[in-house]
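Sharing a model that was predicted from the sequence below.
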There are 2 protein chains.
Amino acid sequence: MTDRTTPVLLVLRSPGGEGHVPPVYDVADPHAPVAEALDLGITRGDGVFETITVVNGIPQALDAHLDRLARSAAMLDLPAPDLTAWRTSVFAAVDLHSEVPEAFVKLLYSRGVEGSGQPTGWVWMQPSADFTRERTEGIDVVLLDRGYPSTVAETSPWLLQGAKTLSYAVNRAALREAQRRGADDVLFVSSDGLLLEGPTSTVILKLDGRLVTPNPNFGLLPGTTQESVFEIAAHNGYKTAYEALTPADLRRADAAWLVSSVRNAAPIRSVDGAPRAVDAALTDSINTGLASRTT
Amino acid sequence: MTDRTTPVLLVLRSPGGEGHVPPVYDVADPHAPVAEALDLGITRGDGVFETITVVNGIPQALDAHLDRLARSAAMLDLPAPDLTAWRTSVFAAVDLHSEVPEAFVKLLYSRGVEGSGQPTGWVWMQPSADFTRERTEGIDVVLLDRGYPSTVAETSPWLLQGAKTLSYAVNRAALREAQRRGADDVLFVSSDGLLLEGPTSTVILKLDGRLVTPNPNFGLLPGTTQESVFEIAAHNGYKTAYEALTPADLRRADAAWLVSSVRNAAPIRSVDGAPRAVDAALTDSINTGLASRTT
C-alpha cells in the first residue's frame, strides 16, 4: 500500500473514550491537514506524546510507552487514554507501513478543539533517520541550566515536570543553543546543581563499575529506553542505580550516554568542549541489546 | 458573509516571507483541519501567538501586538514574520467577520511542518465571551510558584521566558490548579519571591497613589494591555512605574488588577482566599479607556 517514503497516519476515533466498537481509527492522508485551528494541541501545546522505535516491525517497549502516555495524560488532567485503542492503532500503523529496519511511531494526544470536550489523537509512522554516526562516534554535549530546582516536581506539580507534553519549545530552543555552541545535544542541570536529562533523552553514567541515572524524582521523565538499558546491563552483570548525580560525576564517569527511543544509546564524547572517554564495546553491546528487544 | 456564530479563518500564504504579491492569505473553512500532523506547532508547541481584542471593528493596540509577535519569533529563531502580511490579514478578518461589540483575532505563527522550512501562519477571529462579571465583581487569584528565579531571562535565554509561545501547557495546568483551589486565576511568583505575571495577563498594583507593574526584565511578557493602561493612567494624572514587587506589596496595595487583551482589567478581589480591596471607580475608568482606544 505504501512505499518506503510514505508515512502512515491513523486518526483515533475516541482516543480518550471507552466502550467504542471497532474500527478505533481512520486511515488519513499523511500530507493533508489533520488538526483544527482551535485544537488546544496547537494553540496551547496542551497534550502529550510518545515516540516509539519500531525495529524490524516490532514496536519496542510498547507497554512502557503506553503506561507513560497514560501517566503524562493524568498529570495534565486529560481523559485517561483508551490504551487498547492506542495499542491497536500502533499495530495497525506497523501493518500498513512498509517494513524497514528502523522506523518510529509517534502517538499524539491533545485536549482537542477548545470547548469540544473531545480529545484529539493520532498515530504517525515513518522510517527513522540513520543514527549510525551518533551511536558509534558519539555526541558532543553542553550542560544548560533548566532553571528549576530538583525539588520542583514535588513542590509545584503545575509545572508539569516529568510529563511528556506537546509544550516542547524550550527543549527545541535548548537544542538550538547547543548547535550555536558547536554541540549536538544538551544535558540539563537543575538550579541546585544536579544532572537532570536531555531535551528528549535520559543520561546514564558508568560510575564505579555500575550504571547510574538521575533519580526521576528530580522532575524527570522516566526513560523507557533507560529502563531497557538497565535490564540489559543487569543481565550482563552490572549493578544499576537511581541517584543524585552532579557534573563532577559526569567528568569522572568511565563512560556516559544519552539514551532515547529512536537514537538509542549515544555515547557522550565531550561535555562543554572537554573530551571525555567513551566505551565503544559497552555502547555496542547496549545498542545491540536494544535492537534485539522482542517487545 | 457570516453570521454571529461563524468564526473567520485566514491562512497566510507566506507568514515569514518577503516580496510576496497579494493575496497574502486564503480564506479557509474554520471547522476543517488546517494543520498537518508534523506541524511543529502541534508536535512541539514550537511557535508563537498573539490575541488581539477587536472593539466595534477596531483591532486594539495592533502595532504593539505585531511588534511583540516579531519579538517572540526572534526569541525562538523563527523567520521574521512579514508584519505587512499579518496586518493585512487581521484587517481582512475584521472585514469578513460580522461586526459585534467585542471580538478577538488570534495570530498563530509556528515553525511549520518539520523539515519543510516553511512556517505556518493563520489569523482566527470570533466573538469574545462576556467578561462583565470579571470586570465588575472582580476575580479570586492564587499565588503559584513559577519555579524560576527572576534572573532567568538574562541567565538562560533558552528557557524562552518573555516569549509568547505555543508551549502553554504549564499556564493551562496552573489555571486548573487555581480552579481546584476555588479561584479564577493565577499570579505567578518567582522562586526568589517576586510577583511576576498571570498565565495570560499582567498584574498592576495601585500603590502609594501610583500604578506599578513588575519589571519585564524578570522574565515577563511585556503587556500590551498594561502599556495601554499606563497611558490611560498617565493621561489621568497617575504616575506609573516598573519595579520589583512582592506579595507584601500586593497585600498593602490600594487596588490590584490582572490585565489582558480580551478580558481587559479584572480587579483582584482576593488573594489565596484573603479578601482585598477593589477600586470600582478606577477599574471602570480603566476599562472605559481601554474600550475607547482608536488604534
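Arrived safely, thanks for sending. Every value quoted in this text rests on a predicted model; they were computed, and no experiment measured them.

is any part of whichever strand or helix holds residue A:108 close to chain B?
Here residue A:108 sits within strand A:102-110, counting by DSSP states H and E. Yes. Applying Cβ under 8 Å from any Cβ of the partner chain, one finds strand A:102-110 touching chain B at A:106, A:108, A:110. Quick note: C-beta positions are derived from backbone N, CA and C, even for glycine.

That strand - contacts with which helices or strands?
On a contact count with 3 or more Cβ pairs under 8 Å, 6 or more residues apart in numbering or on different chains; DSSP states H and E, strand A:102-110 meets helix A:40-43, strand A:47-55, helix A:62-75, helix A:83-96, strand A:120-127, helix B:40-43.

Between these, which one is closest to residue A:161.
helix A:62-75 (9.2 Å; Cβ to Cβ).

Name the residues of that closest one that come out as buried.
A:62, A:64, A:65, A:66, A:68, A:69, A:70, A:72, A:73, A:75 (16 or more other Cβ atoms under 10 Å in any protein chain shown).

and of those residues, the nearest to chain B?
Chain B lies nearest to residue A:75 out of these, by Cβ to the nearest Cβ, at 8.0 Å.

The closest one touches residue A:160, doesn't it?
Yes. Residue A:75 is within contact range of residue A:160, at 6.0 Å (criterion: Cβ atoms under 8 Å).

got any residues that touch both of those two?
residue B:173 (Cβ atoms under 8 Å, 6 or more residues apart in numbering or on different chains).

could the helices and strands packed on strand A:102-110 go into TSV alongside mean pLDDT?
Shown next, in TSV, are those (pLDDT from 0 to 100):
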stretch	mean pLDDT
helix A:40-43	98
strand A:47-55	98
helix A:62-75	98
helix A:83-96	97
strand A:120-127	98
helix B:40-43	98
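
now the ones you listed in CSV, with distance to residue A:188?
As requested, the helices and strands packed on strand A:102-110 are exported to CSV (distance: least, Cβ to Cβ, whole Å):
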stretch, distance to residue A:188
helix A:40-43, 24
strand A:47-55, 19
helix A:62-75, 18
helix A:83-96, 29
strand A:120-127, 26
helix B:40-43, 20
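
quick one: which of these is nearest residue B:84?
helix B:40-43 (22.1 Å).

can the closest one be found next to chain A?
Yes. Helix B:40-43 is in contact with chain A by Cβ under 8 Å from any Cβ, via B:40, B:41, B:42, B:43.

between those residues, which is closest to residue B:124?
residue B:41 (13.1 Å).

which residues touch the nearest residue to that closest one once chain neighbours are set aside?
Spatial nearest neighbour of residue B:41, chain neighbours left out: residue B:110 (2.9 Å); criterion: Cβ to Cβ, 6 or more residues apart in numbering or on different chains. Residue B:110 makes contacts with A:42, B:35, B:39, B:40, B:41, B:42, B:46, B:47, B:119, B:120, B:121, B:166, as judged by Cβ under 8 Å, 6+ apart.

Out of the residues of helix B:40-43 next to chain A, flag the one nearest to residue B:201.
residue B:41 (22.8 Å).

Tell me the buried residues in stretch A:9-21?
Buried-residue list, stretch A:9-21, by 16+ other Cβ under 10 Å: A:9, A:10, A:11, A:12, A:13, A:14, A:15, A:16, A:17.

Now do residue A:83: how many residues are near it, please.
13 (other Cβ atoms under 10 Å in any protein chain shown).

per-residue pLDDT, residue A:239?
We have a pLDDT of 98 for residue A:239.

any idea how far residue A:122 is from chain B?
6 Å (Cβ to the nearest Cβ, to the nearest Å).

OK, contacts around the closest residue in space to that residue that isn't next to it in sequence?
Distances taken as Cβ to Cβ, 6+ apart place residue A:11 nearest to residue A:122, at 4.8 Å, with adjacent residues excluded. Going by Cβ under 8 Å, 6+ apart, residue A:11 touches A:25, A:26, A:28, A:34, A:121, A:122.

Report the contact partners of residue A:81.
Here residue A:81 is in contact with A:15, A:16, A:66, A:69, A:70, A:73, A:109, A:121 (criterion: Cβ under 8 Å, 6+ apart).

Stretch A:153-167 - what's its average pLDDT?
Averaged across stretch A:153-167, the pLDDT comes to 97.

That one: which residues count as buried?
Buried, per 16+ other Cβ under 10 Å, within stretch A:153-167: A:153, A:156, A:158, A:159, A:160, A:161, A:162, A:163, A:164, A:165, A:166, A:167.

Equivalent analysis for stretch A:25-33, please.
Per 16+ other Cβ under 10 Å, stretch A:25-33 contains these buried residues: A:25, A:28, A:30, A:33.

Start and end of that stretch, how far apart?
16 Å (Cα to Cα, to the nearest Å).

can you tell if that stretch touches chain B?
Yes. Stretch A:25-33 is in contact with chain B by Cβ under 8 Å from any Cβ, via A:28, A:30, A:31, A:32, A:33.

which among the residues of strand A:102-110 next to chain B gets closest to residue A:177?
residue A:106 (24.3 Å).

Looks like that closest one contacts residue A:48 (just checking).
No. Between residue A:106 and residue A:48 there is no contact under Cβ under 8 Å: 11.5 Å.
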